[in-house]
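A.B. asks: Predicted coordinates and the sequence they were generated for:
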Amino acid sequence: MAAPVFFEIGADGSVRTDGLHWEGFPLILWDALRSSGYTASPLYEGLEFEEQGVPCCRVRVTVPPHPDHPEWPELTTKMLSFRLLEAIETAALRVLNAFCDHHPLEVFLTPLGLLPTVDPEDPAWRDRMGHMAALLTATTPLDTVQRLAQCMRALYNLQALRHASVTNLSQQLSDVHGTLRERHTHLHILSLAYLEQDGHLAQAHQRIAGLEARVVQLEIEHGNRLQTIFELQDQRDGLQGLIADLEAERMAHL
């Protein structure tokens, strides 16, 4: 016997399921819809992806129209979460709340009528709570207890999924914090090294400036020495001329 197919996976990685193969809010939602005359179960379409390194999941829930009441409000919602199962459970709970709010008469005498409403000040909810005895009389105690236990179990599983998502996200945040701290330390070390190199460069510039001043001084001294040499050469030339004149005069007296 072939194993049942729980999920249909598309070529783009998207997932399609009716969510009826595990105990949870999709199954509770379908029971409520089926008891009100719906003939097709909701469809859950999800896609898991990463956004800036954080795992995310986008889910869309579509409930086919009621065959006998097409005028009933459309039951469709979108959900963005961190994990596929968590998103499906949360979306199913949201649609279940919307169905109970849109159709209070359909759920008034059912175990779902005992579940809290989204708005605690809703008159219909307060009226139901004011006639609790009548509700318990109109419903089967065993069905009521089973439904409440089923809802509590589904809610517990949803909280566990959310806790796992938050724990995973917290771990990722901790890892990111550790990475950022390491990078900060590395940048601090590089900054100190840069400051040290900057100090060495400043000393080198000072030495270069000193050498350039020394070169200028040496060039001035060299110019002065050349000027002295030129003056001595002129004096030598003058003495040589004088010697030549004296020698000529001496030869003339001979």
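C.D. replies: Received it, and whenever you're ready, just let me know what you need.

A.B. asks: Please list the residues outside the helix or strand containing residue 44 that contact it.
C.D. replies: Taking DSSP states H and E as the criterion, residue 44 maps to strand 43-51. Residues outside strand 43-51 that contact it (Cβ atoms under 8 Å, 6 or more residues apart in numbering) are 12-19, 26, 55-62, 64, 83-84, 87-88, 91-92. For every residue, glycine as well, the C-beta is placed using N, CA and C.

A.B. asks: try 6 Å
C.D. replies: If you take Cβ atoms under 6 Å, 6 or more residues apart in numbering as the criterion, strand 43-51 is touched by 14-17, 19, 56-62, 84, 88.

A.B. asks: Show me what the helix or strand just after it is packed against.
C.D. replies: Helices and strands here follow DSSP H and E; after strand 43-51, the next one along the chain is strand 54-62. The contact analysis (3 or more Cβ pairs under 6 Å, 6 or more residues apart in numbering; DSSP states H and E) places strand 54-62 against strand 43-51, strand 76-81, helix 84-102.

A.B. asks: just how off-centre is the second one within its chain?
C.D. replies: I take that to be strand 76-81. Strand 76-81 sits 19 Å away from the centroid of its parent chain (Cα atoms, centre = their mean, to the nearest Å).

A.B. asks: Could you export it as CSV, CA atoms only?
C.D. replies: Backbone C-alpha positions of strand 76-81 (Å, rounded to 0.1, in the frame of the first residue of the first chain) are rendered in CSV as follows:
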residue,chain,number,x,y,z
THR,A,76,-8.9,33.6,3.1
THR,A,77,-5.8,34.7,4.9
LYS,A,78,-2.1,35.1,4.5
MET,A,79,0.5,34.4,7.2
LEU,A,80,4.2,35.2,7.5
SER,A,81,6.1,33.3,10.1
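
A.B. asks: same for that strand, what does it pack against?
C.D. replies: If you count contacts as 3+ Cβ pairs under 6 Å, 6+ apart, strand 76-81 packs onto strand 54-62, helix 84-102.

A.B. asks: and these as JSON lines, adding distance to residue 159?
C.D. replies: Below are these laid out as JSON lines (distance: least, Cβ to Cβ, whole Å):
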{"stretch": "strand 54-62", "distance to residue 159": "17"}
{"stretch": "helix 84-102", "distance to residue 159": "10"}
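
A.B. asks: winner for burial among these?
C.D. replies: Among the helices and strands packed on strand 76-81, helix 84-102 has the highest mean neighbour count (mean count of other Cβ atoms under 10 Å), at a mean of 22.

A.B. asks: for the stretch 151-254 of the chain, what are the low-confidence residue spans?
C.D. replies: Scanning the stretch 151-254 of the chain for pLDDT under 70 picks out 254.

A.B. asks: any idea how far the spatially most central residue of the chain lies from residue 101?
C.D. replies: When Cα atoms, centre = their mean is applied to the chain, the residue found nearest the centroid is residue 52 (4.3 Å). For residue 52, the distance to residue 101 equals 36 Å [Cβ to Cβ, to the nearest Å].

A.B. asks: Over to residue 33?
C.D. replies: Distance of residue 33 to residue 101, given as Cβ to Cβ: 14 Å.

A.B. asks: swap in residue 93?
C.D. replies: Distance of residue 93 to residue 101, given as Cβ to Cβ: 13 Å.

A.B. asks: before we move on, what about residue 43?
C.D. replies: Applying Cβ to Cβ, the value for residue 43 to residue 101 is 21 Å.

A.B. asks: ok, residue 82 - how many residues close by?
C.D. replies: Per other Cβ atoms under 10 Å, the neighbour tally for residue 82 reads 19.

A.B. asks: Which of the helices or strands spans the residue lying closest to it once chain neighbours are set aside?
C.D. replies: Spatial nearest neighbour of residue 82, excluding adjacent residues (Cβ to Cβ, 6 or more residues apart in numbering): residue 165 at 4.2 Å. For residue 165, the host element (DSSP H and E) is helix 141-253.
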